[in-house]
Each structure stands twice: as structure tokens, then as C-alpha cells.
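Visitor: starting from these lines, generate the structure:
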Amino acid sequence: PKSAAAAVQPLVIDGQRFHPRFVRENLLDERSWDASSRQRLVFGIPADIGGAVDGEELLAARAQAGNVAGAAEGPQGGGRLVRCRFDDGSAGPFAVPGGATAATTDIAAQPKQGWARAEDRDRFVEDLRAAALDFGSLEALCAEEHAVDRSTSAGRSPLQLLPAGEQAGLRRWIEGLQRFGIALVKNMPAAPGQLRRFAERLFGFVLQTHYGPEFVIKAVERPNNLAYSSLGLQLHTDLPFYQTAPPIQLFHCIEQARVGGENIFADGRGAAERLRAEDPDAFALLASRSVRFQDWTPAWELHAEQRTIDLGPDGEVTRVHFNERTRDSWHQWRATDDVDDMDAFYRALSRFEALLEDTHASLTVTLQPGEMSVIDNWRVLHSRGSFEGNRHLEGGYITWEQAHSLWRVLSSGRQ
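Guide: Below you'll find the predicted structure:
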């Protein structure tokens, strides 16, 4: 057999070396792609497939692909095309990648930013309110669009029928949520069921959990979760006892308490980066040791193990799991556990907890009836102050896939 080095005969296009299989699996010929789903039809392409560029004729625009015999529409971006052929008898145009691609310009690749300095936090909250998504206005516009002839818009999101300015505003709102992990919505009816209406109108559905499609946050006697009491709560992320915690959390205010009940948020990613800078050993320990979380009621019993700080392939903080109400050290204990190792863990956890509880690093936003907070549950921790009087909120979850998909659809210019 050929050596790996000898087996690869790259295709050189515009001075760039491409693996032949990469070019073949992205070839825009009718054998390779289904026209309606834009999914690949060809499988089992040999790793050592041979190919060649049929001359160096680069077509100036992607629109000319329709003039190339056998061309089909794949999911690739870009516009420059070059014809290639391969040992399996396939031939057709290849969209040459280069410059900015989805890997660098997509909403999911947009960098996360830290919050404002402590002395600028009030201004940061003001900016969040100024950038709040106006759901009332969006609802009115969507209602108007129901009168539009839908015969030419089958399969499209109704939001694509909104005026360009409204679509751009919705994209910016999603970008702010991606960037800071927190955003606000205003002008929602202060009534039950509106959180689900918001999620279904914009994102298609709410994410179901054991607490239902949405959950009511009111003080009750003998609550199965302290969220359903009038007590103040410690900062926490939600549902770390799920194998994958819900990505995005929504809190819709229907009635605010007479006294107290303020909403408090903290940037867990920012606190983790502070810990990395100030105590690298503690950071490394929390990024490597699994912690068990549990939630049980007469109706269910859930548990999962998570690292307090999850890291990506380049060492970046991707998720934070912190919920002292549901951390389950008793069931995680083993007779072989080393007391000194446990001491190091507890000291690291306490250090991180102190950074999270630093009031200079948190935001206080007292939601008013008709307002809703939307937070990245993998990054932002939330809590509330104790309260007196009636306080009624609804909570629920959506996914990053939903938010990112809507941004892409509104950014694609699809007609």
C-alpha cells in the first residue's frame, strides 16, 4: 500500500492545496446533492480518490453554476467556481472557499464579551433596557403580515416577511444575547402564557423539562423547589442535574413584589476568568473535577455529574455549572476519597463562590410587569432577593440552536 504522504495528490487551485476527497465531497454535481434538502447523496468516497482540475477556468460568479452541466445546489457559501473531475467518473463545479467563511462569520463564532466595569453597571443595565426587543411591536407587525399572500412564501418563517429594519433589529438582539449572555424583552402582556407565545412566535417551541413547557414562579407552601418560596436565592445556573442543562432561560414578569424580589445576575464566565488569573490551581481543579447534582420529587429523580467550569478545545470557558442548592456531595462520596483532595476542591469552590457573590460584579434588574429577561444558562447565573407580597413570574427555556438558526435565516437574504 502507498504511504499516507504518497497517497495524497492535492488539487492546487489559486495556489491553495486541497485534499481531493474534500473537493469531491463538496462537488456541485447532481449526483452529489439532493436539490430540496441540500443534503449529500454520495457516501463512502475513498480517502485516496484521485482528481484533477479541468483547466484553470474560474467562473466569476456563483450564479453561473446553473450554466455548468450537472450543477446542483449544495450548502456551501462563496461564489468562485472551478470545474473538477474524479476517478469515480464525477465532474462538476467546486465552490472555492476563501476569506471569510461560516466558521468565522457565523453567529455561533461571534466572540463573547465581558460585562461593564463595576462603576458602569448601572449604565450597562440602561443599555440592556434600551436594546430590549419590543415584542408588542413585533406582534403587531406579524399580525399585519398574515394578510400577505403566502402562496409565494411557503416554508418560510413569518419573521422573514417583516420589514428589513425589524429583521435587522431582531438580528442585533440575538447578537447581543450571544455577546453578553443576557438580553431583555419589553411590551409583553403581563399575563400567563405569554412566555410560550414569545418562544413559539420567534423560535418555534419552548424546551420541555420535568417542570413543564413553562413553570410558574410564585411562593407556595411546602415547595418542591426553593424557587417557589419567598426566600432570597443564591446565584445559580439552572438544572445542572440534566445531562445537558437547558441552554437559554427566560423569565417573564407578570407581577412584581411589593417589597424586594429584585432579579440578580452574574457573569459566570467572567468570574471563571478572574479565578484563572488569580488562582490558576483552583481554576484547573474546578475545570477537571466532576460534581454531582440532584433533583428529586415524588414524581421524578434526576442526577448528573458536571464540571464546575467546562473548557473548549482552546481552553476557553464554554459552560459554568454552579448550584449549591442541588449539589449532591453525599451520594458522590466514596470511601477511597482523599481528604486532602477534598480540601483542595472545597477551597477552590469557595474561592469561585466568593467571586460569583461579589456584589460589584453582578447586575440588579428589577423586572417590571411585561418585561422578560433572557439569559445564557451556560454562562450567566441568576438569583433574586427575598420579597414580601405577591410576585408572579413564568420561566421557560429555549436552545441556542433555535436562536442561532433564526439569526442565520434572517441574515441569509433568502426570498
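
Visitor: what about Gln294, which SS state?
Guide: The three-state assignment at Gln294 reads strand, by DSSP: H, G, I helix; E, B strand; the rest coil.

Visitor: could you measure from it over to His331?
Guide: Using Cβ to Cβ, to the nearest Å, we find Gln294 at a distance of 7 Å from His331. (C-beta placed from N, C-alpha, C; glycine too.)

Visitor: need the overlap of contacts for the two.
Guide: When contacts are counted by Cβ atoms under 8 Å, 6 or more residues apart in numbering, Gln294 and His331 are jointly contacted by His303.

Visitor: neighbour count for the two, which is higher?
Guide: Of the pair Gln294 and His331, Gln294 is the one with more neighbours under other Cβ atoms under 10 Å, namely 16 against 8.

Visitor: for the more buried one, which residues are in contact?
Guide: Counted by Cβ under 8 Å, 6+ apart, Gln294 has contacts Phe241, Glu301, Leu302, His303, Thr326, Asp328, His331.

Visitor: same deal with Asp267?
Guide: Under the criterion of Cβ under 8 Å, 6+ apart, the contact partners of Asp267 comprise Gly114, Trp115, Gly181, Ala361, Arg379, Val380.

Visitor: hey, what's it bridged with?
Guide: Val380 (DSSP bridges).

Visitor: export only the CA atoms of whichever strand or helix holds Val82, formatted as PDB.
Guide: Using DSSP states H and E, Val82 falls within strand 81-86. As requested, the backbone C-alpha atoms of strand 81-86 are provided in PDB (Å, rounded to 0.1, in the frame of the first residue of the first chain):
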ATOM      1  CA  LEU A  81     -16.300  28.100  -9.100                       C
ATOM      2  CA  VAL A  82     -13.800  25.800 -10.800                       C
ATOM      3  CA  ARG A  83     -14.600  22.600 -12.700                       C
ATOM      4  CA  CYS A  84     -13.000  19.400 -11.400                       C
ATOM      5  CA  ARG A  85     -13.200  15.700 -12.300                       C
ATOM      6  CA  PHE A  86     -12.500  12.500 -10.300                       C
END
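
Visitor: output the contacts of Gln294 in a markdown table, with pLDDT, distance to Leu231 and secondary structure appended to each entry.
Guide: Conversion of the contacts of Gln294 to a markdown table gives the following (pLDDT from 0 to 100; distance: Cβ to Cβ, whole Å; DSSP: H, G, I helix; E, B strand; the rest coil):
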| residue | pLDDT | distance to Leu231 | secondary structure |
| --- | --- | --- | --- |
| Phe241 | 98 | 20 | coil |
| Glu301 | 96 | 24 | strand |
| Leu302 | 97 | 22 | strand |
| His303 | 97 | 24 | strand |
| Thr326 | 95 | 15 | coil |
| Asp328 | 97 | 20 | coil |
| His331 | 94 | 24 | helix |
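
Visitor: pick the one among those residues closest to Gly270.
Guide: Nearest to Gly270 among those, counting by Cβ to Cβ, is Thr326 at 22.8 Å.

Visitor: which one of the contacts of Gln294 has the most neighbours?
Guide: Phe241 (23 neighbours).

Visitor: residues touching that residue, list them.
Guide: Phe293, Gln294, Asp295, Leu302, His303, Ala304, Thr326.

Visitor: 10 Å - rerun?
Guide: Taking Cβ atoms under 10 Å, 6 or more residues apart in numbering as the criterion, Phe241 is in contact with 210, 292-296, 301-306, 321, 323, 326-328.

Visitor: quick one: low-confidence parts of the stretch 151-300 of the chain?
Guide: In the prediction, the stretch 151-300 of the chain carries residues with pLDDT under 70 at positions 151-156, 220-225, 227.

Visitor: quick one: the helices in it?
Guide: With DSSP state H, counting those that start in this stretch, the ranges of helices along the stretch 151-300 of the chain come out as 164-180, 194-203, 268-278, 280-286.

Visitor: of those helices, which is nearest Arg391?
Guide: Set against Arg391 and scored by Cβ to Cβ, the helices of the stretch 151-300 of the chain come closest in helix 194-203, at 15.6 Å.
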